[in-house]
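*Asks:* here are the coordinates; sequence isn't available:
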């Protein structure tokens, strides 16, 4: 026998010593550290998410209704204008000449009527002659209104307050009917249409608040409210079109921007926990509830019934009570009945790094006190 090779008895002895050592180490191993959160009643709601494209509250493409030369442009790209401001002038020289001619004719007719009235009152002339002259006055006044209308068509004014888009015209351009002169948008208030599944129809009401975000301003949220609900359900998509109004006092939003809308329905008070506390199986939803008994802290695997999830929160319908602590970090290292050490409790929206940093600060302060 090789004197160096251990016997079977020696091998068994060594193995036994190793097992006893591992058992001793296991007995002295500290409890599993976990992070918890406390179940609490909070305001909650169901959230409907949708996409919508912004439109200006009032929007128009200003076009020419006559064939005429552009003689003057009274605005620049992106200029803000008020209702009634003159935007574009066209050649009105011919209309002004006709207007002066007709005004002179009207003045002469009115003076003649003024001379004939006393004579007709004294029966010095027939009343039919006076009526004829009054008709001439009326015709002249009508012609003046028609000429003035032609002049107004050549002096383009803003129909409402708003901002002008980019201009593609210049002085000397020959405008024709339908020719685009400018665009005008009232962007102080924006409107947006979006579709909502019909199952939420009973919760849709005018004035219901919404929140919207866009990639153009990812760090900002824009608030609005429902202004109207379409009278028909789309039979193909089984959804209803809803129109919301969003205030835009700083004019950040532009027509055509794609918005992501969040619409809160069914507001209620519910028992909530962070959704990372759930350990799901194929048929059940479970959490590890912290139980304090006999100066020890253990976990009990508890089945729960869940409702809606939103914003990292989970609605608990049954299985937990207010104030119950549930494990949110460390669930993979524990099983039902294990003893644990709670190193932090998530109270708000702290991240894992913040919770660990808080624990580290607390431990350092305790050591310094000792």
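*Replies:* Arrived safely, thanks for sending. This is a predicted model, so every value here is computed, not measured. Numbering: from 1, shown residues only.
*Asks:* burial count for residue 262?
*Replies:* By the measure other C-beta atoms under 10 Å, the count of residues near residue 262 is 16. All C-beta atoms are positioned from the backbone trio N, CA, C, and that covers glycine.
*Asks:* what's the closest non-adjacent residue to residue 177?
*Replies:* residue 65 (5.7 Å; C-beta to C-beta, 6 or more residues apart in numbering).
*Asks:* where's the one you found, which helix or strand?
*Replies:* Of the helices and strands defined by DSSP states H and E, none includes residue 65.
*Asks:* now do it against residue 102, distance only.
*Replies:* 22 Å (C-beta to C-beta, to the nearest Å).
*Asks:* what do you get for residue 308?
*Replies:* 74 Å.
*Asks:* who's more crowded, these two?
*Replies:* More neighbours surround residue 102 than the other of residue 308 and residue 102, with 20 against 16 (other C-beta under 10 Å).
*Asks:* for the host helix or strand of that one, buried residues please.
*Replies:* Element membership of residue 102, judged by DSSP H and E, is helix 93-121. In terms of neighbour count (16 or more other C-beta atoms under 10 Å), helix 93-121 has its buried residues at 95, 98, 99, 102, 105, 106, 109, 116, 120.
*Asks:* next, the buried residues of stretch 140-147.
*Replies:* Neighbour-count burial for stretch 140-147 [16+ other C-beta under 10 Å]: 140, 143, 144, 147.
*Asks:* and that stretch, how far out from the chain middle?
*Replies:* Relative to its chain's centre, stretch 140-147 lies at 51 Å (C-alpha atoms, centre = their mean, to the nearest Å).
*Asks:* can you check stretch 134-150 too?
*Replies:* With C-alpha atoms, centre = their mean, you get 53 Å for stretch 134-150.
*Asks:* one more: stretch 176-194?
*Replies:* 21 Å.
*Asks:* now do stretch 234-252
*Replies:* 9 Å.
*Asks:* that stretch - what's its average pLDDT?
*Replies:* Averaging pLDDT along stretch 234-252 gives 92.
*Asks:* what residues sit buried inside it?
*Replies:* With the criterion 16+ other C-beta under 10 Å, stretch 234-252 contains buried residues 239, 240, 241, 242, 243, 244, 245, 246, 248.
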